[in-house]
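*Asks:* predicted model follows, preceded by the sequence.
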Amino acid sequence: MTATDQLKQADAAMNGSISSREAQISNSGCKRGGWITFPFLAGTVTGLTIAGMGWSANLIVYLIEEFNIMSIDAAQIVNVLNGCTNLFPVIGAIIADSFFCSFSVISVSSAISLLGTVLLALTASLNSLRPPQCEIGSSLCKSPSKLQFAVLYGGLALGCIGLGGGRFTLATMGANQFDKQKDQGNCFNWYFFAFYVSSVISSTAIVYIQDNVGWTLGFGLCIAANFVGLVLFLLGKRFYLLDKPNGSPFTSLARVIVATLRKRKLVLSSRIEDYYQEHNNGLANNIEADDQITPKQSFRFLNRAALKIDGDIRPDGSIAKPWRVCTVQQVEDLKTLIRIFPLWSSSVFLSTTIGIVMSLTILQALIMDRHLGPSFRFPAGSILVIILISASLFITLIDRLLIPMWQKLTGGSLTTTIQQIGFGHMLNLAGMVVSALVESKRLKIAHANNLQDQPGSMVPMMAVWLFPQLVLVGIGEAFHFPGQVALYYQEFPVSLRSTSTAMIALIIGLGFYLSTAIIDLIRRVTDWLPDNLNSGRLDNVYWTLAVIAGINFAYYVVCSRLYKYRNVVDKGEDHIRTITGLGLAGGGWSLNLIVYLIEKFNIKSIDAAQIFNVVNGFMNLFPVIGAIVADSFLGSFSVVFISSLFSLLGIIFLALTASLDSLRPPPCTEIGTSLCETPSKLQFTILYAGLAMASIGLGGARYTVATMGANQFDKPQDQAIFFNWYFIAVYSSTVISATVIVYIEDNVSWRLGFGLCIAANLAGLVVLLAGTRLYRRDKPQGSAFIGLARVVVAAARKRKAMLSSRIEDYHQQEQNDEMIKIEAVTPKQNFRFLNRAALKIEGDIRPDGSIAKPWKLCTIQQVEDLKALIRILPIWSTIIFLTTPIGILSSLVILQALTMDRHLGHNFKIPAGSFPVISLISGFFFVSLNDRLLRPTWQKLIGQSPTTLQLVGIGHVLNVISMVVSALVESKRLKIAHNVHHQQLMSALWLFPQLILLGIGEAFHLPGQVAFYYQEFPASLKNTSTAMFGLMIGICFYLSTALVDLVRRVTDWLPDNINSGRLDNVYWSLTVLAGINFGYYLLCSLIYKYKDIGGRGSGSDDDYVNVDIKARS
């Protein structure tokens, strides 16, 4: 490029015809911007973070051990420093945006950070810069002198300023190298990954060196890392795209407020020409009409700042009085900040709880057993590395696994940044609850060993108990930190790009200062936080934080629902996650119900199993009622919402029976004997009321949620994939409830178990409401069943009428919209006697074309809908007998497990109620395998995907095999029980094979059935279609109850003591029933012809209803 060309491009850049970025790229001899810059920036982040975290992660320990500072005071100092570290990025960002570029700010900040680390190294190297050592916690310890404090605080201040000034300005500079939002989002994810990985290195390696080798060497390594980071940053200068500062944007924002106040009495105009647009370098306000910005109606009083009046504008179009008129863009920039402020403020309290946990966890670790193995003892300051490890792993997992899975589930839409932050809020709340529970456990151990009056004494409890809460906090950070940075970067005005990413630093800084204030307040008002934690109530502090986090999450949900994205396209196709919360809640109380009835209500085992079957039947029959109400009157969303409330109320009733002794009979040591007191009428009433409401709630929501989710998609392939993932959510949540919650109920308390169910139900309800504005909703069309009944009545009343071959003689759907053309439907020949219901005779039709006698005439579409249901009925009936043996097996397996050896190792005993989880795990695994491996393999071998009926058939076969295995295992168990010389109980692990086969079978036939009904049912019965599966399961549980009653009356196979019965004969009988049912299913499936959906059907177009609605041209 010649010198003349360069001058021309420079002049063009100045005049605005090309951007400064384009000018930099053109004038450079090498590629600028893009991923070529990332290695330099990542190396800088790594070096500076290793240095900063190297001295800050172990700072509490350094202050206590080397400067004789009391533990809580040391924690407070660290909170203040963390606040400073996270507040200064805002100042650095403002300087970068307004006066210097990001490159200059990062260079200067890195140099200041280096100087601060050198000062800290001097305090560790020179004895004169720190007080003499003494016993930790002793009142005889000498405090530091003024000089020692001055050098210490000087080093900390410089280190904080340097670390803070560069941290988030680096993130902005990295994102500025890209133009696409996707690349910017990936840059933020990898920025945080580099940040967390380097933090892990410093929190483990450097902290270990400080604790076990020497503080001097540890700080020396920090100096080296800082220096390397600074050098790497300077080496990449020729590759960076540097944005020039544009002056302080905050001045223009202030001008908007002042101009609005000065023009507060003016009347707003509706004409865009009356508002001042951007001044274009001498071209005045001469902007193309398409490029002009229309003032928005939100916060419309601010629009006065851009309203032009006499004297505001010079003849050349520039502003004459800068504090009386602003551009529309400046006004909209201020509105953007106002809109985002509530979301931002909710994150301040999110960071406050994290700040308190981070400091107090180190104090907990100092007085716990930190050994890993006989000789290795990890430093207390390194315990926070668990947050970093879990966060870095999950950031990678989110980018590489979770987001692609979400895209597949939602048809290509990404998770929104607000959704990611919301997940972080929920995980943070869970972290606070776990923290409180763990601290309660630690205090009990401390008091049991009389350590409350011995400062510094080690509590005989492993510090690894602190890991779960830190893991939850770390996973939460993996969601909300990158989410917040991306949200602010995308939504903030362009003039505040550097400031946007620094906003998260401001959040963290304010969070740390708030955490300091909260701890001070707690110390003044209560005695929960003495210097000796063993004599305090740190658990109450954590419970207080959990309450704050819960209230803050509710505030965040409200703010997020009201917020509308500015730069991010919202596809409005968010899908249902409510089923996870409802599944956890429902599984938590229902899976262990038999054990609860036997142990807490003194109900005999077989009777408890029968109650269990009745409850399950009710739970699976009610979806049909819910679906009919959803299709006909209220819509899916309202039904799911009301059902969730019913479920919540029912579980509260059950929790009351577990909490109040007056609501259950006195405990009985000899369970099942006649000496046990039966429940009173009041106790039975409360119990059954709770079970009924919980069943209604869970049943009403379960399959309506499935329909609501499928309604978000148009393609049958997407609907089938959704149903697979729906069942994955059902299985995974049930697995959690069947293991974690059931274990808590059996080994901790029923009250806590039911309490967790209440929390899960409430969380599911909140998530449902949070997505309200994103759902695609179908309006209810009135009861479709009335239309079907009319077909039967009309056909019967016209049974003597002669059928016609002319399509004009049959009544078509009414034309309600002139712009919509509804093509005529030809009556089909199957079940042709029903066609009489649509046959028009004299007096059926009014002059305007409407039906005069609704119970004598129907549309052809209504007739064909009834025919579709008749065709499906045989297939549906076979499924009832498929699931009946499953219902019996589900309850009897728990009774078998109660009489077998359930130990895994010497100490751990599997709860009997958790055994059905084996079928859930295998079902969950194979549903995923079907989608990812078996379907593609099948398609490759056969040339097409397996049909839904083929999937259901495979489930039938596996169900028969499971019954056979069940019979064989029970025969083996009975032989051992009858052998008087055999002292050892049979291992309950023998029950696993039958449950695994059952689960694999469900992985085939459950999604297959739901997809089959959804695709084959009439369009007017979409909600009812998926609920038919629930109706089938409900009937099967009632049938299983009837069969068990019949077996008990006719035979002696099922006594209350199953060791004296013949349960194996019951299983053999079920095998015979399952085999006969499979033969019946084969016959029905061979006769059935699919509707032609997505090319998967096997019939011609003439065999099916074909309603085609087209827009009239």
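*Replies:* Looks like it arrived, so ask away.
*Asks:* avg pLDDT for the helix or strand hosting Gln330?
*Replies:* Assigned by DSSP states H and E, Gln330 falls within helix 328-366. What helix 328-366 shows for mean pLDDT is 81.
*Asks:* mind giving me the packing neighbours of the host helix or strand of Asp746?
*Replies:* In the assignment (DSSP H and E), Asp746 maps to helix 742-747. Helices and strands touching helix 742-747, by 3 or more CB pairs under 8 Å, 6 or more residues apart in numbering; DSSP states H and E, are helix 593-601, helix 750-770. For glycine as for every other residue, the C-beta is placed from the backbone atoms N, C-alpha and C.
*Asks:* ok, 6 Å please
*Replies:* Packing partners of helix 742-747 (3 or more CB pairs under 6 Å, 6 or more residues apart in numbering; DSSP states H and E): helix 750-770.
*Asks:* what is the burial count for Ile161?
*Replies:* 21 (other CB atoms under 10 Å).
*Asks:* please enumerate the strands of this protein.
*Replies:* 368-369, 371-372, 376-377, 459-462, 820-822, 903-904, 908-909, 1109-1111 (DSSP state E).
*Asks:* most packed of those strands?
*Replies:* Among the strands of the chain, strand 368-369 has the highest mean neighbour count (mean count of other CB atoms under 10 Å), at a mean of 18.
*Asks:* what about that strand, distance to the chain center?
*Replies:* 34 Å (CA atoms, centre = their mean, to the nearest Å).
*Asks:* once you drop chain neighbours, what's closest to the most centrally placed residue in the chain?
*Replies:* By CA atoms, centre = their mean, the chain has its centre lying nearest to Phe423, at 5.2 Å. Of all residues not flanking Phe423 in the chain, Phe479 sits nearest, at 4.3 Å (CB to CB, 6 or more residues apart in numbering).
*Asks:* so the one you found touches Gln420, yeah?
*Replies:* Yes. Between Phe479 and Gln420 there is a contact at 4.8 Å, judged by CB atoms under 6 Å.
*Asks:* buried set for stretch 307-324?
*Replies:* Leu307, Lys308, Asp312, Ile313, Gly317, Ile319, Arg324 (16 or more other CB atoms under 10 Å).
*Asks:* what's near enough to touch the second one?
*Replies:* So that's Lys308. Asp274, Tyr276 (CB atoms under 6 Å, 6 or more residues apart in numbering).
*Asks:* ok, the first one next?
*Replies:* Neighbouring residues of Leu307 by CB under 6 Å, 6+ apart: Leu266.
*Asks:* ok, it to Pro322 distance?
*Replies:* As for Leu307, its distance to Pro322 is 15 Å (criterion: CB to CB, to the nearest Å).
*Asks:* in this protein, what helix or strand scores lowest on average pLDDT?
*Replies:* Ranking every helix and strand in the chain by mean pLDDT, DSSP states H and E puts strand 1109-1111 at the bottom, with a mean of 28.
*Asks:* excluding chain neighbours, what is closest to Ile112?
*Replies:* Per CB to CB, 6+ apart, closest to Ile112 is Gly162, 3.7 Å.
*Asks:* one step back: which of Phe479 and Gln420 has more residues huddled nearby?
*Replies:* For Phe479 versus Gln420, neighbours defined as other CB under 10 Å are more numerous around Phe479 (26 against 22).
*Asks:* since we're on Val748, how many residues are nearby?
*Replies:* 11.
*Asks:* the residue lying closest to Ser109 once chain neighbours are set aside: neighbouring residues, count only.
*Replies:* Among residues not flanking Ser109 along the chain, Gly165 sits closest, at 3.1 Å (CB to CB, 6+ apart). As a burial measure, Gly165 scores 28 neighbours (other CB under 10 Å).
*Asks:* ok, now the one 10 residues further on?
*Replies:* The number of residues packed near Ala175 is 24, by other CB under 10 Å.
*Asks:* that one reaches Cys187, doesn't it?
*Replies:* Yes. Using CB under 6 Å, Ala175 is in contact with Cys187, at 5.2 Å.
*Asks:* would you confirm that Pro827 contacts Asn835?
*Replies:* Yes. Assessed by CB under 6 Å, Pro827 is found in contact with Asn835 at 4.4 Å.
*Asks:* dump the residue contacts of the closest residue to Leu654 other than its chain neighbours.
*Replies:* With CB to CB, 6+ apart as the criterion, Leu654 has its nearest non-adjacent residue at 4.2 Å, and that residue is Gly690. By CB under 6 Å, 6+ apart, the contact set of Gly690 is Gly650, Phe653, Leu654.
*Asks:* are any of those residues buried, and which?
*Replies:* Applying 16+ other CB under 10 Å to the contacts of Gly690 flags Gly650, Phe653, Leu654 as buried.
*Asks:* return the per-residue confidence for the residue nearest to the second one when sequence neighbours are not counted.
*Replies:* It refers to Phe653. Excluding its sequence neighbours, the residue lying closest to Phe653 (CB to CB, 6+ apart) is Gly690, at 3.0 Å. At Gly690, the pLDDT value in this model is 89.
*Asks:* same deal with the one 5 residues further on?
*Replies:* According to the predicted model, the pLDDT of Ser695 comes to 83.
*Asks:* the one 10 residues further on too?
*Replies:* In the prediction, the pLDDT value recorded for Val705 is 75.
*Asks:* could you do the one 10 residues further on as well?
*Replies:* Confidence at Lys715, expressed as pLDDT, is 66.
*Asks:* any idea of the pLDDT on Phe653?
*Replies:* 89.
*Asks:* can you check the one 5 residues further on too?
*Replies:* Here the pLDDT value assigned to Ala658 is 86.
*Asks:* burial of Ile918, as a residue count?
*Replies:* 22.
*Asks:* distance check, the spatially closest residue to it that is not a sequence neighbour against Arg537.
*Replies:* Spatial nearest neighbour of Ile918, excluding adjacent residues (CB to CB, 6+ apart): Leu995 at 3.9 Å. Distance of Leu995 to Arg537, given as CB to CB: 44 Å.
*Asks:* sweet, I'm off.
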